[in-house]
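[1] Have a look at this prediction, sequence included:
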Amino acid sequence: MVQLNENYQKLPGSYLFAEIDRRVTAYRREHPDRELIRLGIGDVTRPLAPAVVSAMEQAAAEMGREETFRGYPPYRGYDFLLEAIAQHDYAARGVRLSPEEIFVSDGAKSDCGSIGDIFGPDNRVAVCDPVYPVYVDTNAMAGRAGEYDPGTERWSRLIYMPCTKENGFLPQLPRERADLIYLCFPNNPTGAAASREQLKPWVDYANANGSVILYDAAYEAFITEADVPHTIYEIEGARECAIEFRSFSKTAGFTGTRCAYTVIPKELVRGGVSLNEMWYRRQSTKFNGVSYVVQRGAAAVYTDEGRRQVRETINFYQNNARVILDGLARAGLEVSGGVNSPYIWAATPAGMGSWDFFDLLLTKANVVTTPGAGFGPSGEGYIRVTSFGGADATRQAVERIADLLKHGA
Ligand code: PLP
């Protein structure tokens, strides 16, 4: 009989958002008349920028004409997009990248998940706690996480770096040797962001130990503070030790359109082997590129018009973030994040568990949030609120939560 990947059997319960969905669906079935406001899952709600739509329309028309039809795209992505990325996301910030160091893909989730293909099974993996669950689950699927202990909610071979109120929600360098280190700034779920000074020790650690940093910058567009780097390559030495993941999902509303990219500098070499070449080998074997139409849409994000339109949308979400931060703080909750991030991390009222507070907000305020405990044990006692909703809905949700807390949670 066929042998299955036993690691899948070790994965605990349902994926966080599936569990939220289950609870929300059950509540809606019982109360179909209640109007829910969803500030839970990190999906965007604003439409694509007009410049993106018109670039995609034009590209679709090109695909329908014999003279301009295109077949399989290049594995790394079209030059027009690679060059726009290198120019606007990096050169403009003083970081030199060549187009061969960039790999366009259909999402940062797939790239964060698939990058493990080029690393061996015995690497020790360090993750933040709380964490974007994809890093943990994909390592568990690959057998790098060891055994899951439902009591502690931890995997035996993972190195957890707690991000708590005490350390400002920023991880500390692990005491044990970590070979692969996942860092995500601005962070999902806490909304914390690391400054250049705070990132430098990680780069030094990785270079001193031959480790690799997997740096997820999916929320880079939300950075407002000057000392927070937009790319890890702003840190000296990062070209020798870091892979960076970026996405058009939250930057330009591409969650349903799908486009992202991964950067692997040529200097990133371990055991004499270029990780850039390994990833090219992996991508050209398992991935057949992102459609021409979508890449044209992504390139339009970098035009003058596109940049202005995309900035307006980000400003819109940033206004929501301020409404949530201020409103929940006024309502007496301890809040952080939301300044360089679309996510607000709010402590639950004294002694209440994450899922209990989630249920309370769902059933009494009809607001859907995300329980912090779903992101790892150190997320217990918190909920994550997103600024990706509509402006009115966000204001209303904050009012409902404030009302509920005022009249006794
Ligand atoms: N990385 C982080 C930290 C995320 O929060 C998300 C989506 O929520 C992603 C990656 C996924 O991005 P994409 O839509 O490009 O797959």
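    Yes, it's here. Everything numeric in this text was worked out from a predicted model, so none of it was measured.
[2] which residue packs closest to residue 46, ignoring adjacent ones?
    residue 313 (4.7 Å; C-beta to C-beta, 6 or more residues apart in numbering). Where C-beta positions appear, they are placed from N, C-alpha and C, glycine not excepted.
[3] Just the buried residues of the helix or strand containing that neighbour, please?
    If you go by DSSP states H and E, residue 313 is part of helix 304-330. Neighbour counts over helix 304-330 (16 or more other C-beta atoms under 10 Å) mark 306-307, 309-310, 313-314, 317-318, 320-321, 323-325, 327-328 as buried.
[4] What of stretch 352-368?
    352, 354, 355, 357, 358, 360, 361, 362, 365, 366, 367, 368.
[5] my read: the fourth one touches residue 350, true?
    The one in question is residue 357. No. Using C-beta atoms under 8 Å, residue 357 makes no contact with residue 350, being 10.8 Å away.
[6] which ones among the buried residues of stretch 352-368 are found in helices?
    Judged by DSSP state H, helices contain the following of these: 354, 355, 357, 358, 360.
[7] with those residues in mind, which one is nearest to residue 41?
    Distance to residue 41, by C-beta to C-beta, is smallest for residue 358 among those, at 12.6 Å.
[8] For the closest one, list the residues it contacts.
    20, 23, 369, 370, 371, 383 (C-beta atoms under 8 Å, 6 or more residues apart in numbering).
[9] Quick check: the farthest pair among those?
    With C-beta to C-beta as the measure, no two of these lie farther apart than 23 and 383, at 13.4 Å.
[10] Looking at these two now, which is surrounded by more residues?
    The neighbour comparison of residue 23 against residue 383 (other C-beta atoms under 10 Å) goes to residue 383, with 30 against 16.
[11] which residues does residue 213 bridge with?
    For residue 213, the beta-bridge partners under DSSP bridges are residue 181, residue 242.
[12] Quick check: pLDDT value at it.
    Looking at residue 213, its pLDDT reads 98.
[13] how close does residue 67 sit to the ligand?
    According to C-beta to the nearest ligand atom, to the nearest Å, residue 67 and the ligand sit 33 Å apart.
[14] Give me the neighbour count for that residue.
    Residue 67, neighbours per other C-beta under 10 Å, totals 5.
[15] Over to it. Which of the three states is it?
    Here residue 67 takes the coil state, with states given by DSSP: H, G, I helix; E, B strand; the rest coil.
[16] Against residue 84, how distant is residue 235?
    To residue 84, residue 235 is 23 Å away according to C-beta to C-beta, to the nearest Å.
[17] Now do the contacts for the residue nearest to residue 153 when sequence neighbours are not counted.
    Among residues not flanking residue 153 along the chain, residue 377 sits closest, at 5.0 Å (C-beta to C-beta, 6+ apart). By C-beta under 8 Å, 6+ apart, the contact list for residue 377 reads 129, 152, 153, 154, 160.
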